[in-house]
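# return atomic coordinates for the entry below.
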Amino acid sequence: GFVGRQWVVAEIDQWIATGTSPLFWLAGEPGVGKSAISAYLVEHSELISAHHFFLFNKANTLDLREVAKSLAYQLSCYIPAYAEYIDELDKQRLFDLDEKSFFDELVILPLTRKLEKQSIPIVILLDGLDEASANGRNAVAEYLAILLGSADEWLKIILTSRSREHEISRPLSKFPPRLM
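Predicted coordinates for the structure are as follows:
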C-alpha cells in the first residue's frame, strides 16, 4: 500500500475538485517522496489525463520536443477533439518549427484556444521539473507559465520539483509551491 502520504493525495483530489488555481506545485528536498506520489497518482487516479517524468540522466525525457510529443499523444488518447486537432496539423511544417513553436503548436495552442470547454478537469502531471533545468533556465517552466496564464478553469497541472529552484520559481512566481 501507499503509506504516509495519503494526506497529499487527499489534498490533490480536493484541489482537482474545487481548486481555483490551475497549478498544484509540490516542492521538497530530494528523497521526500515527490516522485512516489506522482507514480501513485498516475497508477491509481483516473483523473490524470497525461503525465511526464523528467529524469536528468535520460536525455529524451528532458527534450522539449519529446515532452510535447508525449503529452500530445496522451491527451489525444484522452480527448477526442485534441486527437482531431493533432490529425489536422501539417506534420512536415510542424517538425520544421523551433522547439518553442513546436511546444506551442502541440500543447499550448490546443489547450488554450482550440478545445471547447471540457466537462471534467484535464489534469497533466509533470514530475521532477527541476531536472529539466539547464544553463540557468528551465524552458518547460517558462512555457508552462504561458500555458497557465491563458488556461481555462478545466485545465489543471500537478507539478513536482525540488525546493529553491530559481529556474522554476522565477517563471512560476504567481503560483507558490506547497512544501513537503
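
# checking the residue most central in space within the chain next. Helix, strand or coil?
Taking Cα atoms, centre = their mean, the centroid of the chain lies closest to L126, which sits 4.0 Å from it. At L126, secondary structure determined by DSSP: H, G, I helix; E, B strand; the rest coil is strand.

# test my guess that it contacts H51.
Yes: in this structure, L126 is within contact of H51 by Cβ atoms under 8 Å, at 7.4 Å. (Glycine included, C-beta is placed from N, CA and C.)

# could you find the closest non-adjacent residue to D152?
Distances taken as Cβ to Cβ, 6 or more residues apart in numbering put K117 closest to D152, at 6.4 Å, once the chain neighbours are dropped.

# need the longest helix for this protein.
Across the chain, the longest stretch assigned as helix under DSSP state H is helix 64-78.

# what sits up against whatever helix or strand comes next after it?
Using DSSP states H and E, the helix or strand that follows helix 64-78 towards the C-terminus is helix 80-88. With contact meaning Cβ atoms under 8 Å, 6 or more residues apart in numbering, helix 80-88 is reached by A72, L75, S76, C77, L106, P110, K114, L115, E116.

# which one of the residues you listed has the most neighbours?
L106 (26 neighbours; other Cβ atoms under 10 Å).

# contacts only, for that residue.
Taking Cβ under 8 Å, 6+ apart, we find L106 in contact with A68, K69, L71, A72, I86, L89, L94.

# then L94?
Contacts for L94 (Cβ under 8 Å, 6+ apart) come out as F102, E105, L106.

# in which helix or strand does it reside?
Using DSSP H and E, L94 sits within helix 91-95.

# helix or strand next in line after that helix, which one?
The element immediately downstream of helix 91-95 (helix or strand, assigned by DSSP H and E) is helix 99-103.

# distance from the chain centre to that following helix, please.
Going by Cα atoms, centre = their mean, to the nearest Å, the spacing between the C-alpha centre of helix 99-103 and its chain's C-alpha centre is 15 Å.

# flag every buried residue along it.
F102, F103 (16 or more other Cβ atoms under 10 Å).
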